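Colleague: turn this into a structure:
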Amino acid sequence: MLEKVQYKGDNLKEFFSKSTVFKHLTDEQLDYLPLDQDPDRYKRGAIVYEEGSRISGFFVVCKGVIKIYKTGFDGKDQIIRFAKPGDVMGFRSTITGELACTTTKSIEDSEIVYISGEMVKSLVMSNGDFAMDLLQIACNELGEANDYITDIAQKTVRERLAEVLIQLKMTFNLDAANYLQISLTREELASIVGTATESVIRLLSEFKQDKLIELQGRRIRILNEAKLIKISNMHY
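Modeller: Predicted coordinates:
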């Protein structure tokens, strides 16, 4: 599993100053953040906020993994991305004042710190590096959205699944035995790929037969990363 972030007292401030978008804040600015409080705790499966709700601040993941997804007209979920320790959620709605455009759910026990929108906007106005980091996050997410639209239009499901496995490896890394350090259901994988669960199950079995991966329940071991990259038609 993911390496857990441990912190107590001043260590939470140290975590914010090194591992989050708040890393460019001065010590004085960091002192205004509510880092003397315990983070909010969310059990696996708990909703942090829902699509269409009014949110007025940032949610900073300190521990655990959160899946961020939209629900289609047919009731099916489309996973947009995952938030891991150091990532922020809800910044778009905080800056624009729009309703939340996604739902966020904990896929393992998580701890999250909430930063009010007023504080975020004040920091944007007073710290150019902080504002630039937020802009970079927004640009990265826009780029990922554009890539996804292109993939859906031009790539086969086999290519997209191979790409998702490589992206999960790049995001969460592998453990000592080369297993992905994130455990997802077949339904969640299908939601990321944008296909039916049955298709993902069939393709995972084919990848296993081709000795590209090894399966142990939900856990996936990468055996041939170079071949998966070739199948995915990724360029990086």
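
Colleague: alpha carbons only for contacts and neighbour counts from here, please
Modeller: Noted.

Colleague: mind listing what Ile55 touches?
Modeller: Residues near Ile55 by CA atoms under 8 Å, 6 or more residues apart in numbering: Tyr49, Gly90, Ser93, Thr94, Leu99, Ala100.

Colleague: separation between the residue nearest in space to the middle of the chain and Gly97?
Modeller: Geometric centre of the chain, nearest residue: Phe82, 1.8 Å, by CA atoms, centre = their mean. Look at Phe82 and Gly97: by CA to CA, to the nearest Å, they are 23 Å apart.

Colleague: and for Asp74?
Modeller: Relative to Gly97, and taking CA to CA, Asp74 is found at 27 Å.

Colleague: for this structure, which spans come out with low pLDDT?
Modeller: Applying pLDDT under 70 to the chain flags the ranges 1-10, 235-236.

Colleague: tell me the domain boundaries of it?
Modeller: Per automatic domain parsing, the structural domains of the chain span 10-147, 155-232.

Colleague: higher neighbour count, Asp74 and Gly97?
Modeller: Gly97 (14 against 6; other CA atoms under 10 Å).

Colleague: which ones are touching the more buried one?
Modeller: Applying CA under 8 Å, 6+ apart, the residues near Gly97 are Ser56.

Colleague: change it to 6 Å
Modeller: Applying CA atoms under 6 Å, 6 or more residues apart in numbering to Gly97 gives no contacts.

Colleague: so which residues make contact with stretch 111-126?
Modeller: 39-41, 56-63, 94, 131.

Colleague: now that stretch: how far from the chain's centre is it?
Modeller: 20 Å (CA atoms, centre = their mean, to the nearest Å).

Colleague: what comes up buried for that stretch?
Modeller: Glu111, Ile112, Val113, Tyr114, Ile115, Ser116, Gly117, Val120, Leu123, Val124 (16 or more other CA atoms under 10 Å).

Colleague: got a markdown table for the residues you listed, with secondary structure and distance to Ile182 too?
Modeller: Converted to a markdown table, the buried residues of stretch 111-126 look like this (DSSP: H, G, I helix; E, B strand; the rest coil; distance: CA to CA, whole Å):
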| residue | secondary structure | distance to Ile182 |
| --- | --- | --- |
| Glu111 | strand | 17 |
| Ile112 | strand | 18 |
| Val113 | strand | 22 |
| Tyr114 | strand | 24 |
| Ile115 | strand | 27 |
| Ser116 | strand | 30 |
| Gly117 | helix | 31 |
| Val120 | helix | 30 |
| Leu123 | helix | 33 |
| Val124 | helix | 33 |
